[in-house]
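S.K.: Sequence first, predicted coordinates after that:
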Amino acid sequence: MRCFFDPRQLEHAPAQELHNGAWVPYGEHPGRPRSMLAAIGHVEPAHDHGRAPLLSVHPQPYLEFLESAYREWQAAGRTGDASPYAWPVVRRRPLIHDRIDAKLGLYSFDATSPIAAGTWDSVYWSAQTALSGLDAVLAGENAAFALCRPPGHHCGADYLGGYCYLNNAAIAAETAVRAGRRVAILDVDYHHGNGTQDIFYARGDVLFVSIHADPRTDYPYYWGHSDETGEAEGEGANLNLPLPRGAAAADYLPALEEALGRVSVFGPDLLVLSFGADTFSGDPISHFRLERGDYPGLARRIASLGVPTLVVMEGGYAVDALGDNVAAFLSGF
Ligand SMILES: [Zn+2]
């Protein structure tokens, strides 16, 4: 399978994150892509598609914020990474904010995702990697792997969070739609893809299906519940299949069958697969029990749809096992 990655995706390296109320070393670190690169071997560099595809999902002011936030944070006399700490949850109104502290809260939904010196370059090239993988699929490959890092499925059109800054899967999906494809997105990360869901929630032309940990017990808590089915023209084009903690392959497979059944009914001619390896039993922040040996079979079942598929990397934090888990999954295509 053709695999895509750009070395600039390694530059994003915040020092710490707020996790379960405590400051801990940043979990989504450059060791993750290094583990995957070591296991995959050959990758192709990303091509620069410019900002237009990013702007098809994210508004210009949000992109400008991402690009300048670290500089503005430093200019305000701060040290360390730019991190939000105040949010406009109550009586929100469209104020114009100049203060970086205010912008950080305006454009985020949590405190897990600081902006460091290399963040913009990394997220820009992570999105370009998704677009380069999409090029391969649009050109006729049955499947391609975009080694996106940072991941993307938690961030919405104008907010970051959950280690995510630009929604790589949504950017690829929207670009494919504009190329005339009928697109379904299947998200099999441990966590609900709340950002992707939000971006397409009122759209009937893109199907979003997600299998994930029950948000009553797991991040992102506020989204991913089974009664979220879409709105307006998107009513019925959103399917959430939450599973309890401890779910193993025997529990996962029926949910995958239901997900693929919905995808089949929708009849896409391109599938964007948000793949997270944090469903692995050894993942330090997750609670499913999939084993490495389960991954090729899951991938084969998805591939049996016969729909050209762009695999977009999302989470996975058992870093020593991550590369081999991803390689196992990709072997099923
Ligand atoms: Zn995840």
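M.R.: Received it, and whenever you're ready, just let me know what you need.
S.K.: If you count residues, where's the longest helix of the protein?
M.R.: In the chain, assigned by DSSP state H, the helix with the most residues is helix 119-138.
S.K.: and the helix or strand of the chain with the lowest mean pLDDT, which residues are buried?
M.R.: Using mean pLDDT, DSSP states H and E, strand 16-19 stands out as the lowest-scoring helix or strand of the chain, at a mean of 86. Buried residues in strand 16-19, counted by 16 or more other C-beta atoms under 10 Å: 17-18. C-betas here are computed from N, CA, C, even on glycine.
S.K.: So in that sheet, which strands flank whichever helix or strand comes after it, and in what orientation?
M.R.: Using DSSP states H and E, the helix or strand that directly follows strand 16-19 along the chain is strand 22-25. If you go by DSSP bridges, strand 22-25 pairs up with strand 16-19 (antiparallel).
S.K.: Alpha carbons of the partner strand, in PDB - could you do that?
M.R.: Taking C-alpha atoms only, strand 16-19 is exported to PDB below (Å, rounded to 0.1, in the frame of the first residue of the first chain):
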ATOM      1  CA  GLN A  16       3.100  19.000  28.700                       C
ATOM      2  CA  GLU A  17      -0.700  18.500  28.600                       C
ATOM      3  CA  LEU A  18      -3.400  18.700  31.200                       C
ATOM      4  CA  HIS A  19      -4.600  15.100  31.600                       C
END
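S.K.: that older thread, after the longest helix of the chain, heading C-terminal, what element do we hit next?
M.R.: Remark: after helix 119-138, the chain's next helix or strand is strand 143-146, criterion DSSP H and E.
S.K.: elements contacting that next one?
M.R.: Applying 3 or more C-beta pairs under 8 Å, 6 or more residues apart in numbering; DSSP states H and E, we find strand 143-146 packed against strand 2-4, helix 119-138, strand 309-313.
S.K.: Show the contacting residues for the residue of the stretch 1-150 of the chain found nearest the ion.
M.R.: Nearest to the ion in the stretch 1-150 of the chain, going by C-beta to the ion, is E28, at a distance of 9.6 Å. Listed by C-beta atoms under 8 Å, 6 or more residues apart in numbering, the contact set of E28 reads 149-151, 163, 315, 317.
S.K.: filter these down to the ones near the ion?
M.R.: Checking the contacts of E28 against the ion by C-beta under 5 Å from the ion, the ones in range are G315.
S.K.: Can you pick out the most distant pair from the contacts of E28?
M.R.: Spatially, the most separated pair among the contacts of E28 is P150 and Y317, at 12.9 Å (C-beta to C-beta).
S.K.: Which one's more surrounded, those two?
M.R.: Comparing P150 with Y317 by other C-beta atoms under 10 Å, the one with more neighbours is P150, at 27 against 22.
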